[in-house]
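S.K.: could you look at this predicted model? Sequence included:
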Amino acid sequence: MQISTKGRYALRLMLDLAVHNTGELVKIKDISARENISEKYLEQIISSLKKAGYVKSLRGAQGGYMLAREPETYTVGTILRLTEGSMKPVACLEDEPNQCSRAGECVTLRLWKMLDEAIEGVLDKVTLQNLKDWYEEMGNDYVI
């Protein structure tokens, strides 16, 4: 499993909104400058975040974006699943019950389930608030 640029940038965008959550709307151009990500790419990402109800927006000269909820209510897993799709390590874990014809005799299925539980355990445990706290601990100098 490898997180794409889109997934990493979505986390950076959401973290930027969390860090700059002053009650004021945040402009894409400001996020772009701070994160060194093109405005056009951020607009694509924020569109899916808005559709999912993760961010609120206002159009116009005074417009911008803000988180729709408090940072502790977003997990890294929910953000990455929105942008990346499934985070399952193998396709046969996508369906419940497992539809693989070899599931009953597959020795490695146990391994894949363990790996899936470990991945989900981390992604669904770490919140946007945790990332914000880590950012502040690092002295506001972070890289994802």
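M.R.: Thanks, I have the structure now. Numbers count the residues shown, from 1 in each chain.

S.K.: quick check: bridge partners of T75?
M.R.: T127 (DSSP bridges).

S.K.: wait, doesn't it sit right on N130?
M.R.: No - using CB atoms under 8 Å, T75 is not in contact with N130; the gap is 9.1 Å. Heads up, the C-betas are built off the backbone N, CA and C, glycines and all.

S.K.: which one of these two is surrounded by more residues?
M.R.: Neighbour count, other CB atoms under 10 Å: between T75 and N130, T75 has more, with 19 against 14.

S.K.: quick one: the helices in the protein, in order.
M.R.: For the chain, the helices defined by DSSP state H occupy 5-19, 28-35, 39-51, 76-84, 109-123, 128-137.

S.K.: dump those to JSON lines, plus distance to G63 and mean pLDDT.
M.R.: As requested, the helices of the chain are arranged in JSON lines below (distance: least, CB to CB, whole Å; pLDDT from 0 to 100):
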{"stretch": "helix 5-19", "distance to G63": "14", "mean pLDDT": "96"}
{"stretch": "helix 28-35", "distance to G63": "9", "mean pLDDT": "95"}
{"stretch": "helix 39-51", "distance to G63": "12", "mean pLDDT": "95"}
{"stretch": "helix 76-84", "distance to G63": "22", "mean pLDDT": "95"}
{"stretch": "helix 109-123", "distance to G63": "31", "mean pLDDT": "93"}
{"stretch": "helix 128-137", "distance to G63": "22", "mean pLDDT": "94"}
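
S.K.: now those helices in JSON lines, with distance to Y65?
M.R.: Converted to JSON lines, the helices of the chain look like this (distance: least, CB to CB, whole Å):
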{"stretch": "helix 5-19", "distance to Y65": "6"}
{"stretch": "helix 28-35", "distance to Y65": "7"}
{"stretch": "helix 39-51", "distance to Y65": "6"}
{"stretch": "helix 76-84", "distance to Y65": "14"}
{"stretch": "helix 109-123", "distance to Y65": "23"}
{"stretch": "helix 128-137", "distance to Y65": "14"}
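
S.K.: next one, pLDDT for G63 please.
M.R.: Reading off the confidence values, G63 has pLDDT 86.

S.K.: perfect, that will be all.
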